[in-house]
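Trainee: okay, predicted coordinates and the sequence, questions at the end:
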Amino acid sequence: MLFEPYTGKSLALKNRIVMAPMTRARNPNGIPNEMNALYYRQRTNAGLIVTEGTSISPTASGVLHIPGLFAPEQVEGWKLVTSAAHAAGSKIFTQLWHVGRVSHTSNQPGGIAPVGASSIQAANSHAWGYDENGREAFVTCSVPVALTTEGVKAVVQDFANAAANAVKAGFDGVELHGANGYLIEQFLNPFVNNRTDEYGGSIINRSRFLLEAIDACIANIGAEKTAIRLTPYGGLHEMPHYDELEATYQYLATELGKRNIAYIHIMDQQSRGSFALPEGFMARFRKQFNGVIILAGGMNREKAEQYLNTGIIDLAAWGEPFIANPDLTERLKNNWPLNPPDRALHYGGAAHGYTDYPAYEAAL
């Protein structure tokens, strides 16, 4: 089943393998280029590619050298990537990213403070910015400024504008980054969201920003092109568990189901050294959401086929294995060994560790 075409709902894919979004930080000017197009072209054995997190505005970033989708030249650069993916028969979505408080003043225009759901600092988390000596480094996240109610609505519009730009650039759709402790999840978590306006308090209020961003994207590009990534029970970037956690994601599953979005992409953060999804969570989530579900995190062929065969998920995603194995689909299909990635080359730099990992047959 894993290697068969998928034709369910609004997606039509050549297989059920997804390349998950991964930050690679190889865009010093924020504009995608030919090297990025080659990187994605090499990995078009995946039925669906989701690009690295892409900034929706100049203030959305917490990592140096990432691409954006808020300027015309960025739209033009992304056309190189989408054309490469489509030429090989893959669908490609881009991940729209606002990091919120997981940022540093050196990532922000004019050195301003980053924004967040609240002014609570992610004091034990790090952004990739410039240290006090002007060197690139992991730096402690700065104290954020809480978005005003009007500011939240402006960020919703930033998501919608970036979604429209994505379609102009040739993407088949967008995946909002609602995971990993970034801005959308900061609103969901009551330990970080201490707001007293319409975006704080109850599950409905804490979910409002996420759903408004989804609705704004749907209004601009359609539900069939709009998706989201979530990390229930994740803990990255200081997201403590809370009593209403499962109820929150049940509510989101129901509300997102009503909107007929393209898919929900769930990541099990166990593979990132954080909390694992509890036993049975995915089966419970499936009962609440009958749309397309993608699962990433600690995936292997056996696990993927088990989840696909039981109908709990529709597509299976791999992240880091795609970095070192551009031909990952063929390796999985033939049980070929995987190249180990060199993590020192994951972020920044040029072609080395990016486009020079060999395919299996080429390495023989």
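Mentor: Nice, I can see it.
Trainee: number of nearby residues for Glu52?
Mentor: Counted with other C-beta atoms under 10 Å, the neighbours of Glu52 add up to 22. Where you see a C-beta, it was placed from the backbone N, CA and C, and this is true even at glycine.
Trainee: my read: it touches Arg24, true?
Mentor: Yes: here Glu52 lies in contact with Arg24, judged by C-beta atoms under 8 Å, at a distance of 5.6 Å.
Trainee: and Gly298, how close does it get to Leu315?
Mentor: Going from Gly298 to Leu315 by C-beta to C-beta, to the nearest Å gives 16 Å.
Trainee: and what of Ala163?
Mentor: Ala163 is 21 Å from Leu315, by C-beta to C-beta.
Trainee: these two - which one has more neighbours?
Mentor: Per other C-beta under 10 Å, whichever of Ala163 and Leu315 has more neighbours is Ala163, with 29 against 26.
Trainee: hang on, that one in a helix?
Mentor: Yes: Ala163: assigned to a helix according to DSSP: H, G, I helix; E, B strand; the rest coil.
Trainee: wait, what's in contact with it?
Mentor: Shown in contact with Ala163 (C-beta atoms under 8 Å, 6 or more residues apart in numbering): Leu96, Val174, Ala216, Cys217, Asn220, Ile221, Lys225, Thr226.
Trainee: what does His65 give?
Mentor: Here His65 is in contact with Ala25, Arg26, Asn27, Pro28, Gly30, Gly348 (criterion: C-beta under 8 Å, 6+ apart).
Trainee: can you put those residues in CSV and add secondary structure, pLDDT and distance to Leu236?
Mentor: Formatted as CSV, the contacts of His65 follow (DSSP: H, G, I helix; E, B strand; the rest coil; pLDDT from 0 to 100; distance: C-beta to C-beta, whole Å):
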residue, secondary structure, pLDDT, distance to Leu236
Ala25, coil, 96, 18
Arg26, coil, 97, 22
Asn27, coil, 96, 23
Pro28, coil, 91, 26
Gly30, coil, 96, 24
Gly348, coil, 92, 20
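Trainee: which residues does the nearest residue to Phe171 once chain neighbours are set aside form a beta bridge with?
Mentor: Of all residues not flanking Phe171 in the chain, Thr94 sits nearest, at 5.1 Å (C-beta to C-beta, 6 or more residues apart in numbering). Beta bridges link Thr94 to Val174 when assigned by DSSP bridges.
Trainee: my read: Thr94 touches Trp78, true?
Mentor: Yes: with contact defined as C-beta under 8 Å, Thr94 reaches Trp78; the gap is 7.2 Å.
Trainee: so what sits against both of those two?
Mentor: With C-beta under 8 Å, 6+ apart as the test, Thr94 and Trp78 both reach Leu69, Ala166, Ala169, Phe171.
Trainee: backbone dihedrals for the first one, please?
Mentor: Backbone dihedrals for Leu69, given as degrees, to the nearest 10, come out at phi -140, psi 40.
Trainee: pretty sure it contacts Asn165?
Mentor: Yes: between Leu69 and Asn165 there is a contact under C-beta under 8 Å: 4.7 Å.
Trainee: more neighbours, these two?
Mentor: Taking neighbours as other C-beta under 10 Å, Leu69 and Asn165 compare with Leu69 leading, 30 against 25.
Trainee: for the more buried one, give me its contacts.
Mentor: Thr54, Ser55, Ile56, Val75, Trp78, Thr94, Leu96, Ala162, Asn165, Ala166, Ala169.
Trainee: which one of Thr94 and Trp78 has more residues nearby?
Mentor: A direct count of neighbours by other C-beta under 10 Å for Thr94 and Trp78 places Thr94 higher, at 30 against 27.
Trainee: give the contact list for that one.
Mentor: Val50, Thr51, Thr54, Leu69, Trp78, Ala166, Ala169, Phe171, Val174, Glu175.
Trainee: let me know the closest of those residues to Ser106.
Mentor: When these are compared for distance to Ser106 (C-beta to C-beta), Thr54 wins out at 19.7 Å.
Trainee: how much space between Ala127 and Gln157?
Mentor: 24 Å.
Trainee: so for those two, which residue has more residues nearby?
Mentor: For Ala127 and Gln157, the more surrounded residue by other C-beta under 10 Å is Ala127, and the numbers stand at 27 against 15.
Trainee: which of the three states applies to that one?
Mentor: Classified using three-state DSSP, Ala127 is strand.
Trainee: got a pLDDT number for it?
Mentor: At Ala127, the model reports a pLDDT of 97.
Trainee: likewise Ala363?
Mentor: 53.
Trainee: same thing with Gln269?
Mentor: At Gln269, pLDDT is 81.
Trainee: residues contacting the closest residue to it other than its chain neighbours?
Mentor: Spatial nearest neighbour of Gln269, excluding adjacent residues (C-beta to C-beta, 6+ apart): Gly234 at 4.0 Å. Contacts here follow C-beta under 8 Å, 6+ apart; on that basis Gly234 touches Ala179, Asn180, Gly181, Glu185, Met267, Gln269, Arg272, Ser274, Phe275.
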